[in-house]
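**Student:** Here is a sequence with its predicted model. Questions after.
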Amino acid sequence: MSEPAECETETQTRQRATEWKNGSMHSDSDYSRDEANKDALVQSDSLANSVRSNCHKVDNLAAGCTNLNKQLRASVLRKLMWRDLIEQTRMKLVEKIDQHLDDALTNLVALGEERDKNAHSFQWDSDYMEDK
């Protein structure tokens with residue numbers, strides 16, 4: 001190497017050593033490497049926080065799903081109980097209506113028989129009066 005080039009190299013080497021000891025300035029490549037490492041660490045921390053947050057979200061989601069399943073079961077049970085109550089009420093209503101219809105039919109038959117009896121009696125009375 002030429003002497004001036006060696007001098008520059010020695011000068012640069014001494015300057016870098018001094019800067020390194022003082023910790024003042026780094027070369028561009030060192031600085032960019034440090035910044036990249038710093039960014040990577042920040043991203044890593046962000047990712048870790050995100051994962052922790054997502055884990056809590058998953059736990060909360062699982063708890064929410066459990067609550068949702070409980071609510072769904074409760075809703076289904078309420079609906080089934082409501083349907084059972086409606087069915088029981090309908091059956092009671094049908095029984096009462098059947099009883100009322102049976103009573104009304106019995107009354108109609110009795111009234112019809114009484115009317116026939118009265119009509120027959122009237123006919124008998126009319127026939128008896130004609131014979132006399």
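**Tutor:** All right, it came through fine.
**Student:** pLDDT below threshold where in this protein?
**Tutor:** Applying pLDDT under 70 to the chain flags the ranges 1-10, 17, 20-34, 36-65, 122-132.
**Student:** can we see that at 50?
**Tutor:** 1, 25-26 (pLDDT under 50).
**Student:** Number of residues surrounding residue 19?
**Tutor:** 14 (other C-beta atoms under 10 Å). In short, each C-beta sits where N, CA and C put it, glycine included.
**Student:** Please determine how far it is located from residue 70.
**Tutor:** 66 Å (C-beta to C-beta, to the nearest Å).
**Student:** Ok, residue 112 next?
**Tutor:** Residue 112 sits 62 Å away from residue 70, going by C-beta to C-beta.
**Student:** cool, residue 94 as well?
**Tutor:** Following C-beta to C-beta, the distance that separates residue 94 from residue 70 is 36 Å.
**Student:** And residue 11, by the same measure?
**Tutor:** 77 Å.
**Student:** Repeat that for residue 98.
**Tutor:** 42 Å.
**Student:** Could you do residue 16 as well?
**Tutor:** 68 Å.
**Student:** Phi first, then psi, for residue 81.
**Tutor:** Note on residue 81: backbone dihedrals following degrees, to the nearest 10 are phi -60, psi -40.
**Student:** Residue 86 too?
**Tutor:** Per degrees, to the nearest 10, the backbone of residue 86 is at phi -60, psi -40.
**Student:** For it, the count of nearby residues, please.
**Tutor:** Residue 86 has 10 nearby residues by other C-beta under 10 Å.
**Student:** go on, the one 3 residues further on?
**Tutor:** Using other C-beta under 10 Å, residue 89 has 10 neighbouring residues.
**Student:** now swap in the one 4 residues further on and tell me
**Tutor:** Neighbours of residue 93 under the rule other C-beta under 10 Å: 10.
**Student:** what's the answer for residue 16, then?
**Tutor:** Residue 16 is flanked by 14 other residues according to other C-beta under 10 Å.
**Student:** tell me the secondary structure for it?
**Tutor:** Classification of residue 16 using DSSP: H, G, I helix; E, B strand; the rest coil returns helix.
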